[in-house]
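Engineer: Quick check, what structure comes out for this input:
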Amino acid sequence: MLMLATSLLITIAQLPGLYLRYIPFQTFISPSQKKWLFTAYLTWYILEFSIIYIYLHAYGIVFPLYKAVIMLGWIPYVIINIILIPHHIPHHIFIFGMQSIYTFLLHSVVLFIFSISFPKIEIVYLYYMQTIAYLILFYLTVSWIRSFFMRIFTSYHAMNNQTYWNWVCPLPFLICADMLYFAFDKDNVIIEQMPSRIILAITFFIFARCITLDLKEIENKVLINENNQRLSLQLEYLKEHTLMMSEGQEKMSILRHDIRHYNQILYSMIHDGKTDQALNFINTYDEKLIETTIHAFCKHPIVNAALSIYIAKAKNQNIPVNHKIDLPATLHVNDNEMAILLSNLLENAINASLKQPVDDREIRITVKNEKKHIVISIKNRFTGIVSFDREGLPLTHLKGHGLGMRSLSLFKKKYDATVFCTHEDGWFSILIYTAQNNKG
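Structural biologist: As a prediction, this is how the structure comes out:
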């Protein structure tokens, strides 16, 4: 029974570190990944427990075993994380380093207290008391430290700044490696090490604060850049839309100037009985009138400009566009954000359509108000392969692409929108619902 309880305590002592290494990633890994992680964690826990139990039966309870498991027992769990949460090696290294420093400091506090209070305690009782005290201390402090670990990767841009993480990740890892080296030295006494460990604690808190400020600064810079890009796009929309209106007005001015001349020619043809020529002349005149038409898709200038530009762009590239646009005078979403979203989605649809044969190109656009929801539906023909991420949004592996889906993801989160993406029967479609009572 003693061996069983000791094995249980040693393996349980690994769980606080495992928890801290898991929570930074839990917000963006899929349910399937979470299931595999839990299965792998449980499998290794049972295996580790069995190994320790067999070892204790063979060699008895010895302190070096406890120390080795505490210092090295993290290795299989970290390997599991790297395998099941791939493409994030710098992040795993950084998280491991910060977690190890923190849990090491908790063990140091516990050992210091026991060294002062119970200098001649038997080894078997030290196992129990140290582990139980460590778990209690972790429980009392976890609410504070958890908030730090959970915030590290909440910023999309900070998470994907690979250059930053490649340089930052070794720092806590190297500190951790240094303290592990000295901790294994059996001649070192915990009381003598306390000044250095106090300095380590101060270093940890300062470093954690610096990282938090750094990540905020990265996100703020990106947000400023995105706002600048948004303003640039708005100016570009208005410039192109103004140009389109100017061209239409110029053509209309020419037609008005020549209308008397056209009427005289038409009168002459009818007078001379040239009916067929008169009809052809009228058809030609109608086509020129159609060229001067300026479409008003909705009452919102920025949204209307975005729709006008991309619908015209599609038609100019021989992509038929069917559209039904009926928006209310007042939107519960930001006009600029709606324009950016539609522009990105239509640009993606146009790019996908250009990969199709000319006869297999088509885009269908529906934007309307229906039962207190704004409904956006964009469909385009596409016979290629489409992969979807954990949010059900299409993935792209081309550098510089994917901004449309990024825009959609941000729009979805801000307005709590419902988004469906499908690829069936040669059609790729995106359907978006946003309720009017949502936040704006």
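Engineer: so how many other residues sit close to residue 82?
Structural biologist: Look at residue 82: counted by other Cβ atoms under 10 Å, it has 16 neighbours. Heads up, the C-betas are built off the backbone N, CA and C, glycines and all.
Engineer: what's the spacing between it and residue 88?
Structural biologist: In this view, residue 82 and residue 88 are 8 Å apart by Cβ to Cβ, to the nearest Å.
Engineer: Show me what the helix or strand where residue 414 lies is packed up against.
Structural biologist: Using DSSP states H and E, residue 414 falls within helix 403-415. If contacts are counted by 3 or more Cβ pairs under 8 Å, 6 or more residues apart in numbering; DSSP states H and E, helix 403-415 sits against helix 335-353, strand 427-435.
Engineer: same thing but at 7 Å, please
Structural biologist: The helices and strands touching helix 403-415, judged by 3 or more Cβ pairs under 7 Å, 6 or more residues apart in numbering; DSSP states H and E, are helix 335-353.
Engineer: which residues touch the following helix or strand past the helix holding residue 414?
Structural biologist: Counting by DSSP H and E, the next helix or strand C-terminal to helix 403-415 is strand 418-424. Strand 418-424 is contacted from outside by 386, 388, 392, 393, 394, 408, 412, 429, 430, 431, 432, 433, using Cβ atoms under 7 Å, 6 or more residues apart in numbering.
Engineer: which one of those residues sits closest to residue 377?
Structural biologist: Distance to residue 377 across those (Cβ to Cβ) is lowest for residue 431, with 5.1 Å.
Engineer: Which strand residues bridge the closest one?
Structural biologist: residue 377, residue 420 (DSSP bridges).
Engineer: among the helices and strands of the chain, which has the poorest mean pLDDT?
Structural biologist: When each helix and strand of the chain is scored by mean pLDDT, DSSP states H and E, helix 156-159 comes last, with a mean of 54.
Engineer: Let me see the mean pLDDT of the helix or strand following that helix.
Structural biologist: For helix 156-159, the succeeding helix or strand toward the C-terminus, using DSSP H and E, is helix 162-168. Helix 162-168 carries an average pLDDT of 74.
Engineer: could I have helix 162-168 exported to PDB, CA atoms only?
Structural biologist: Output in PDB follows, covering the C-alpha atoms of helix 162-168 (Å, rounded to 0.1, in the frame of the first residue of the first chain):
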ATOM      1  CA  GLN A 162       7.700  33.600 -35.600                       C
ATOM      2  CA  THR A 163      10.800  35.900 -35.600                       C
ATOM      3  CA  TYR A 164       9.900  37.200 -32.100                       C
ATOM      4  CA  TRP A 165       9.300  33.700 -30.700                       C
ATOM      5  CA  ASN A 166      12.400  32.300 -32.200                       C
ATOM      6  CA  TRP A 167      14.500  34.800 -30.300                       C
ATOM      7  CA  VAL A 168      12.500  34.800 -27.100                       C
END
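Engineer: other SSEs contacting that helix?
Structural biologist: helix 89-117.
Engineer: other SSEs contacting the helix it packs on?
Structural biologist: helix 15-22, helix 74-84, helix 123-151, helix 162-168, helix 170-183, helix 190-271.
Engineer: Residue 375: neighbouring residues, count only.
Structural biologist: Count around residue 375 with other Cβ under 10 Å applied: 15.
Engineer: leaving aside the residues next to it on the chain, what's closest to it?
Structural biologist: residue 368 (5.5 Å; Cβ to Cβ, 6 or more residues apart in numbering).
Engineer: Is residue 368 part of a helix or strand, or is it coil?
Structural biologist: strand (DSSP: H, G, I helix; E, B strand; the rest coil).
Engineer: Any regions of the stretch 101-250 of the chain where pLDDT drops low?
Structural biologist: 119, 121-127, 154-162, 178-194, 218-250 (pLDDT under 70).
Engineer: If we use 90, what do you get?
Structural biologist: Within the stretch 101-250 of the chain, the stretches with pLDDT under 90 are 101-139, 141-250.
Engineer: Could I get the contacting residues of the residue sitting furthest away from the middle of the chain?
Structural biologist: The outermost residue of the chain, judged against the average C-alpha position, is residue 272 (72.0 Å), by Cα atoms, centre = their mean. Under the criterion of Cβ under 7 Å, 6+ apart, the contact list for residue 272 is empty.
Engineer: Equivalent analysis for residue 97, please.
Structural biologist: 172, 173, 175, 176.
Engineer: Can you tell me how far the last one is from residue 279?
Structural biologist: Pointing back at residue 176 there. 87 Å.
Engineer: Of the two, give the one with the bigger neighbour count.
Structural biologist: A count of neighbours by other Cβ under 10 Å puts residue 176 above the other of residue 176 and residue 279, at 20 against 11.
Engineer: got the contact list for the more buried one?
Structural biologist: 97, 100, 101 are the contacts of residue 176 under Cβ under 7 Å, 6+ apart.
Engineer: now these as TSV including distance to residue 319?
Structural biologist: Converted to TSV, the contacts of residue 176 look like this (distance: Cβ to Cβ, whole Å):
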residue	distance to residue 319
97	52
100	56
101	57
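Engineer: Out of the residues you listed, which comes closest to residue 41?
Structural biologist: The nearest one, if we look at the contacts of residue 176 relative to residue 41 and count by Cβ to Cβ, is residue 100, at 17.7 Å.
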